[in-house]
Structures are given as structure tokens and as C-alpha cells.
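1. give me a model of this one.
(2 chains)
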There are 2 protein chains.
Amino acid sequence: MMQGKFLEELSVGQSAELVRTVGEADIVAFAEVTGDNNPVHLDADYAAQTSFGERIAHGMLSAGYISAVLGTTLPGPGAIYLSQTLRFKRPVKIGDGVTARATITEIDEAKARVTFATVCLVNGKPVVEGEAVIMVPRKAA
Amino acid sequence: MMQGKFLEELSVGQSAELVRTVGEADIVAFAEVTGDNNPVHLDADYAAQTSFGERIAHGMLSAGYISAVLGTTLPGPGAIYLSQTLRFKRPVKIGDGVTARATITEIDEAKARVTFATVCLVNGKPVVEGEAVIMVPRKAA
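-> Purely as a prediction, here's the structure:
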């Protein structure tokens, strides 16, 4: 499907999610594509000496999962990402299953802007929380 | 270097940046690792019909470059990412050179929290703007 939801199809409370398991290779790939080679992500010996005790995923990898929900499912293709806030609450470790969820909290019909509460959860606990604002195309447009 | 800057080494106005050129392969890799297969990033024919006119990079890829500056250079390893805001201002296209820059705007000595103005620029114009808050280790700790 090349077109996501239109503004007229959205209502407050609608929600979508995806689940991704973070593999070691995902962290390596994310480091390569962004240049973020912080050893807490890549070096097990270094990470063992930190407060995390082991390698952790980049926070922006979880943020990428939020982008994936918004960009592929709700509202999906055709929407334009205007802003995102991110509060990093807990680390994500190798093997963790991350549920990224976006829920509509507000619709500005006049401006065609939709606000989403966004969260990533591991074992039911939030690892990243925040808010996204998206411009959504109208059906008539 | 496995240890970044300590809180005592930081002052308001300090800045660091990195420059990355966005290749087609970077966008494909970012889509694979996050699951964000929105066709505006991957499908040239689809993208040509959008307001962007061509394929654009994921906004979170630029956000990843900000994470790279913070995580590798200023303050670097040992720091803990607490929050990030992102306002997506302009698209990033294949071949664009992105300068990601972080500048210290505030230091909370008591809480060991440092606020950065963060921006990604293409041809001198902001593509992503926002603010990061980082917890930075003390030398004595």
C-alpha cells in the first residue's frame, strides 16, 4: 500500500504498534550508518564497566521504530513528520523485544496536524516516551 | 578514547560537529534496521509524486548524527542521553552533506545535567533543530 490514512480517517484514540527484537547486528548496523561508535553500544568490556553492565542499543534506534510505526502504518505514507520529543527512560539491551506504539491524542483539523503519544516498551515498561506531530494529507487534496 | 569529557571540563558555548554525506545505501540500511519502509525513502517513482519530488532520508537518520556527536565527541562516552527534541524543518536528499552540531547552552552543576542546542544543517540551512539533555559524569566519581 502506497498511501496511508487520510486526515478524515483519523480519530483521537486510534493506535498502532510494531514489535522488533534488537539483535547485536542491528546495533552494529545502526552505529555504522550514523557514525555513533560510542563503546557502550559496541564494546562489551567497556560496557561491563558502566552503570548499564552490558552493551545497550542506541536510543535513536528505538526512536527509529517509532518513525517506522508512523511512516508505515499510522498515518503511513503521505504524512509528513514535523516534530518528535524523546525521553530516554531505560536502556534497551541485546535480545530485548521493543514494542513501539503511537496513539492519536489530538487532531487539529484546520492545520491538518495530528499529535501522537509515542512510546517504546520492553517487558511492558517504557524505555522511550514522547510526542510526535505529523501533517496528514486530506482526501480531497 | 574510551572516556569523554567530564562535567568539570564543560562550559556554556562549547560546540562540536560532524559531517556525513547521505548515500543511497545509508537510507536503505536505515530502513532495514528500523523497519521504516515508507516509500518516500525507498521508491523513486513514488517519491517523484510527493511534494518532495525525490527520495528523502529518514528524519531519524539525521537525529542519529546528532546522537553520534553527543555520544562520540561532546560530551562523548560515559555520558547518558536523557532527552532529545527534534523539529524536522527541511528534507535531506541523497548526496546531501549533513553537518550535525551540538552546542552547550546550560549546565546544571547540582544535577550534573547539560543542555545542548542541536542542529543538522545542509548547505547552511537547518534541516533538524532541537535540544538534548545529557547526564555527564563527574571527574571525582
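
2. where does the prediction get shaky in chain A?
-> Applying pLDDT under 70 to chain A flags residues A:1, A:141.

3. which residue ranges form the helices in it?
-> A:24-34, A:39-42, A:44-48, A:59-72 (DSSP state H).

4. burial count for A:Val136?
-> Residues within reach of A:Val136, counting by other C-beta atoms under 10 Å in any protein chain shown, total 23. (Glycine included, C-beta is placed from N, CA and C.)

5. contacts only, for it.
-> Neighbouring residues of A:Val136 by C-beta atoms under 8 Å, 6 or more residues apart in numbering or on different chains: A:5-7, A:10, A:75, A:78-79, A:112-114.

6. try it again with 6 Å
-> A:Val136 is in contact with A:7, A:75, A:79, A:112, A:114, counting by C-beta atoms under 6 Å, 6 or more residues apart in numbering or on different chains.

7. where's the fourth one relative to chain B, distance?
-> Yep, that's A:Ala112 we're talking about. Relative to chain B, A:Ala112 is positioned 13 Å away (C-beta to the nearest C-beta, to the nearest Å).

8. surely that residue meets A:Leu7?
-> Yes. In this structure, A:Ala112 is within contact of A:Leu7 by C-beta atoms under 6 Å, at 5.4 Å.

9. who has more neighbours, those two?
-> Per other C-beta under 10 Å, whichever of A:Ala112 and A:Leu7 has more neighbours is A:Leu7, with 20 against 17.

10. quick check: that one touching A:Lys139?
-> No. If you go by C-beta under 6 Å, A:Leu7 and A:Lys139 don't touch, sitting 7.3 Å apart.

11. before we move on, back to that, from the contacts of A:Val136, which land in strands?
-> A:Val114 (DSSP state E).

12. ok, of the contacts of A:Val136, which one's closest to chain B?
-> A:Ala79 (8.6 Å; C-beta to the nearest C-beta).

13. show me what contacts that closest one?
-> Taking C-beta under 6 Å, 6+ apart, we find A:Ala79 in contact with A:4, A:134, A:136.

14. which one of those residues is nearest A:Ile94?
-> Lowest distance from A:Ile94 to those (C-beta to C-beta) belongs to A:Ile134, with 30.8 Å.

15. now the closest one: how far from A:Gly71?
-> 9 Å (C-beta to C-beta, to the nearest Å).

16. look at the two and report which has more neighbours.
-> Neighbours were counted for A:Ile134 and for A:Gly71 using other C-beta under 10 Å; A:Gly71 has more, 29 against 23.

17. just to check, the more buried one is in contact with B:Asp36?
-> Yes. In this structure, A:Gly71 is within contact of B:Asp36 by C-beta under 6 Å, at 4.9 Å.

18. residues of chain A that sit close to chain B?
-> Chain A comes close to chain B at residues A:2, A:20, A:26, A:29-30, A:33-39, A:46, A:59-60, A:63-65, A:67-68, A:71-72, A:77, A:81, A:83-88, as judged by C-beta under 6 Å from any C-beta of the partner chain.

19. are any of these buried, and which?
-> Buried by 16 or more other C-beta atoms under 10 Å in any protein chain shown: A:20, A:26, A:29-30, A:33-36, A:38-39, A:46, A:59-60, A:63-65, A:67-68, A:71-72, A:77, A:81, A:83-88, out of the residues of chain A next to chain B.

20. need the contact list for A:Glu106.
-> Counting by C-beta under 6 Å, 6+ apart, A:Glu106 touches A:Thr115.

21. how does it look with 10 Å?
-> Residues near A:Glu106 by C-beta atoms under 10 Å, 6 or more residues apart in numbering or on different chains: A:12, A:113-117, A:131, A:133.

22. give me the distance between it and chain B.
-> 17 Å.

23. please apply the same query to A:Gly95.
-> From A:Gly95 to chain B the distance is 16 Å (C-beta to the nearest C-beta).

24. surely that residue is in contact with A:Arg20?
-> No. Between A:Gly95 and A:Arg20 there is no contact under C-beta atoms under 10 Å: 11.7 Å.

25. A:Glu54 against A:Leu42, yeah?
-> No. When contacts are counted by C-beta under 10 Å, A:Glu54 is not listed as touching A:Leu42 (12.0 Å).

26. more neighbours: the two, which one.
-> Counted by other C-beta under 10 Å, A:Glu54 and A:Leu42 do not tie: A:Leu42 has more neighbours, with 16 against 12.

27. only whichever of the contacts of A:Glu106 are buried, select them in PyMOL.
-> Selecting only the buried entries of the contacts of A:Glu106 in PyMOL, with 16+ other C-beta under 10 Å as the criterion:
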select buried, chain A and resi 113+114+115+116+131+133
